[in-house]
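Participant: have a look; sequence and predicted model below, questions after that.
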Amino acid sequence: MLNGTADKLLEEYSALSIYAIASTYEPALQALPPKQLPARLIAFLGSTIGNLSPSECDDFLSRIESAILPGDYFLLGLDLQKETSILEAAYNDTEGVTAAFNLNMLQHLNQKFDGNFNLDNFAHAAQYSSQDNRIEMYLKSLTKQTVQLKKLPLTVEFEKGDRIRSEISRKFSISDITQRLAAHQLNVLESFTDKKQWFGLLLCQRAL
């Protein structure tokens with residue numbers, strides 16, 4: 001996928017120099033090649049930062065701070081806080097897209113660890129925690145059951161109604177995240193939102 005994307009970009013922008021890294025975020029930041037222009041920009045879009053806990057978020061921003069030099073830039077996408085009804089409807093969509101995504105985690109565990117999760121025995125559920133400003137996604141056991149992951153090895157007993165928290169998706173206010181960024185020498189130069197102020201994009205610069 002990385003090779004194919006790089007080839008397509010080079011067809012459209014022949015002056016580009018592409019260095020593709022297949023990695024998770026933290027090792028990739030350490031593997032960045034030396035910059036070739038006066039300033040570097042790291043873009044972290046799609047509100048992926050919302051999947052990190054506050055401590056994980058601080059750790060990630062520390063890595064961004066270390067990966068760029070004073071005067072370099074960081075572009076951050078955010079899902080902003082909005083009404084609970086809007087958020088819960090988005091994560092419990094009637095088309096079942098999010099439910100299928102959530103349940104696929106169990107299928108992945110089956111494949112990777114020789115497991116016997118029966119996807120029909122679990123249901124997707126998502127709820128908003130106003131205290132933590134985050135959507136919490138769960139997989140709820142519909143029956144009493146025993147699940148094994150033979151390669152670990154691990155055996156888990158579920159009662160009907162037991163839940164696995166599979167993901168969090170934090171929602172931000174621009175003022176709060178601006179303070180958190182500043183604590184990592186990342187100063188917000190400009191912020192952009194849509195008309196409803198549901199989503200945000202922050203252009204930051206590493207302090208000089």
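Facilitator: Arrived safely, thanks for sending.

Participant: next SSE after the lengthiest helix in the chain?
Facilitator: In the chain, taking DSSP state H as the definition, the longest helix is helix 97-113. Following helix 97-113 in sequence order, the next helix or strand is strand 122-129 (DSSP states H and E).

Participant: can you tell me the closest non-neighbouring residue to the residue most central in space within the chain?
Facilitator: In the chain, the centroid-proximal residue (C-alpha atoms, centre = their mean) is residue 48; its distance is 2.7 Å. Ranked by C-beta to C-beta, 6 or more residues apart in numbering and with sequence neighbours excluded, the top spatial neighbour of residue 48 is residue 77, at 7.6 Å. Where you see a C-beta, it was placed from the backbone N, CA and C, and this is true even at glycine.

Participant: go through the helix or strand containing that neighbour and flag the buried ones.
Facilitator: Using DSSP H and E, the element containing residue 77 is strand 73-79. Buried positions in strand 73-79, judged by neighbour count with 16 or more other C-beta atoms under 10 Å: 73-74, 76-79.

Participant: each with direction, which strands does that strand pair with?
Facilitator: strand 41-44 (parallel), strand 199-206 (antiparallel) (DSSP bridges).

Participant: tell me the confidence at the residue of the chain positioned farthest from its centre?
Facilitator: Centroid-distance maximum for the chain: residue 144 at 31.6 Å, with C-alpha atoms, centre = their mean. With respect to pLDDT, residue 144 scores 98.

Participant: how near is it to residue 103?
Facilitator: 19 Å (C-beta to C-beta, to the nearest Å).

Participant: what do you get for residue 125?
Facilitator: To residue 103, residue 125 is 11 Å away according to C-beta to C-beta.

Participant: now for these two: what residues contact both?
Facilitator: Contact with both residue 125 and residue 103 is made by residues residue 139, according to C-beta atoms under 8 Å, 6 or more residues apart in numbering.

Participant: surely residue 136 is in a strand?
Facilitator: Yes. Per DSSP: H, G, I helix; E, B strand; the rest coil, residue 136 lies within a strand segment.

Participant: wait, what's in contact with it?
Facilitator: Counting by C-beta under 8 Å, 6+ apart, residue 136 touches 126-129, 165, 167-168.

Participant: just give the number of residues close to the closest residue to residue 193 other than its chain neighbours.
Facilitator: Using C-beta to C-beta, 6+ apart and skipping the chain neighbours, the partner closest in space to residue 193 is residue 200 (5.0 Å). Summarising burial for residue 200: neighbours were counted as other C-beta atoms under 10 Å, giving 19.
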